[in-house]
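> what's the 3D shape of this:
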Amino acid sequence: MEQNKRKKHLFAFLTLCVAALTVTTSCESEYTTVYNDIPGDTLYVSGDAYIKSFTVQEFEDQQPMQAAIVNDTIKVLWVSYYEMPENITPSITLADHASISPNPGTPVPFKTGQKYTVTSQAGTTRQYTLQVDFRQPQPKTFTAITKGNLGQWHNLTIGKYNNLDNVWFNLEQTRVYLVSAADQTTEYDCEIVYFGTGMGSGSPFRDAGIYFYFPTDVPEGKYDVRIKNGEYILRASNEQYWFETEITESEETAISSFINNLTVASGDTFSIRGTNLDDVDSVSVAIGNTGARYPLEIVTRTPYVATFKVPAGTPAAEYTRLFFVDGAEEKMIAFKLTVTE
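Predicted structure coming up:
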């Protein structure tokens, strides 16, 4: 994956920079050796209290990150290819015979201001302060979404399909939203349901990317789709599509592709999301297109969310079709629902 190549190059570059910086500063950190005269003998005790190296590696596929020791500061450059951990357990090399607190094997908060105290064999001390320098490469923009429906589900995957790349996989620092074309100011949030590196085959979130729902409470019209990721705001890669995403009310009954393979006991309820779910008279399940149909009880519904009850006595089975009937019209949707006793 192109993003992985860039990660390796960036990590190599940062390592070289940090190594050079460390070489230029570590010599200034040494203390003069202390000589303690004891009657009848002379004991030579080291007074060196400094850190030689400070290395962070919190993920198996992460290259070790060498911190720069600058005077009394431990500088760690952290890039957004990896989620920033709450705590770290660094590998620390000290001057001979020195000790450090907290102990290198003790997890410490990964935030600027964390203190370390190095004590020499002679008892002299030196305090260091951790400084976290966060670096976020600029993400790539994405292929435009030209149209959609209220409450509809969309995804922007990483790589060749949508061109989105270099994103920081941090949900708390990410927002998908619409900006109204009418005034180019009013914003509406989209609901993110998954944002990550992908969950593999069989999952509705198979590929790496961001999966979200359009809001249901916005006026029909044109909008600009945007993603705020860390310090960057992403828009469609082609400016001609800015404020050209047409969002309307759907006239078609559909079920969100983010929902699949539900399991429910006979007599219990389950909920689905979709569009136009309130415009049907009855709903039933079946195995395949021609299998026997078993009705579901409609408990509650809106155009976008519906809750159904599996009536007691419905045979336990793995059903693969939902049938929505509206008068003479019928809509069949592939949907996996496992009913247990």
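> Report the residue spans of the stretch 51-200 of the chain with pLDDT below the cut-off.
Along the stretch 51-200 of the chain, segments meeting pLDDT under 70 span 81, 160.
> Please name the residues that touch the residue nearest the centre of the chain.
Residue closest to the average C-alpha location in the chain (CA atoms, centre = their mean): residue 169, at 3.4 Å. When the contact criterion is CB atoms under 8 Å, 6 or more residues apart in numbering, the partners of residue 169 are 80, 83, 195-197. Backbone N, C-alpha and C define where each C-beta goes, glycine included.
> Residue 45 is in contact with residue 121, isn't it?
Yes. Taking contacts as CB atoms under 8 Å, residue 45 lies within contact range of residue 121: 5.1 Å.
> Please report how far residue 276 lies from residue 305.
Taking CB to CB, to the nearest Å as the measure, residue 276 falls 12 Å from residue 305.
> What are the phi and psi values at the residue nearest to residue 266 when sequence neighbours are not counted?
Ranked by CB to CB, 6 or more residues apart in numbering and with sequence neighbours excluded, the top spatial neighbour of residue 266 is residue 314, at 5.0 Å. Phi and psi for residue 314, reported as degrees, to the nearest 10, are phi -60, psi 130.
> what's the burial count for residue 314?
19 (other CB atoms under 10 Å).
> That one against residue 265, yeah?
No. Counting by CB under 8 Å, residue 314 stays clear of residue 265, with 9.8 Å between them.
> so residue 47 is in which element?
Using DSSP states H and E, residue 47 maps to neither a helix nor a strand.
> And the closest residue to residue 198 other than its chain neighbours, what's its pLDDT?
Ranked by CB to CB, 6+ apart and with sequence neighbours excluded, the top spatial neighbour of residue 198 is residue 208, at 4.2 Å. Here the pLDDT value assigned to residue 208 is 92.
> Pretty sure residue 208 sits against residue 156.
No. Applying CB under 8 Å as the test, residue 208 and residue 156 come out as separate, 10.2 Å apart.
> that older thread, next, show the common contact partners of residue 276 and residue 305.
With CB under 8 Å, 6+ apart, residue 276 and residue 305 have no common neighbours.
> what are the ranges of the helices in the stretch 1-150 of the chain?
2-26 (DSSP state H, counting those that start in this stretch).
> How far off centre is stretch 306-319?
The chain centroid and the centroid of stretch 306-319 are separated by 35 Å under CA atoms, centre = their mean, to the nearest Å.
> ok, now how distant is the residue nearest to the centre of the chain from residue 82?
Counting by CB to CB, the gap from residue 169 to residue 82 is 8 Å.
> next one: residue 312
With CB to CB as the criterion, residue 312 and residue 82 are 50 Å apart.
> Neighbour count for these two, which is higher?
Neighbours were counted for residue 312 and for residue 82 using other CB under 10 Å; residue 82 has more, 16 against 10.
> dump the residue contacts of that one.
58-59, 62.
> on that earlier part again, which one's more surrounded, residue 45 and residue 121?
residue 121 (18 against 14).
> Just to check, that one is in contact with residue 94?
No. Using CB under 8 Å as the test, residue 121 is too far from residue 94 to be in contact (10.7 Å).
> got the contact list for residue 133?
75-78.
> ok, it to residue 245 distance?
Distance from residue 133 to residue 245, by CB to CB: 37 Å.
> which ones are touching residue 259?
By CB under 8 Å, 6+ apart, the neighbours of residue 259 are 204, 272-273.
> Identify, from these, the entry nearest to residue 51.
residue 204 (47.4 Å; CB to CB).
> Do you know the pLDDT at the nearest residue to that closest one once chain neighbours are set aside?
Of all residues not flanking residue 204 in the chain, residue 258 sits nearest, at 4.8 Å (CB to CB, 6+ apart). Looking at residue 258, its pLDDT stands at 95.
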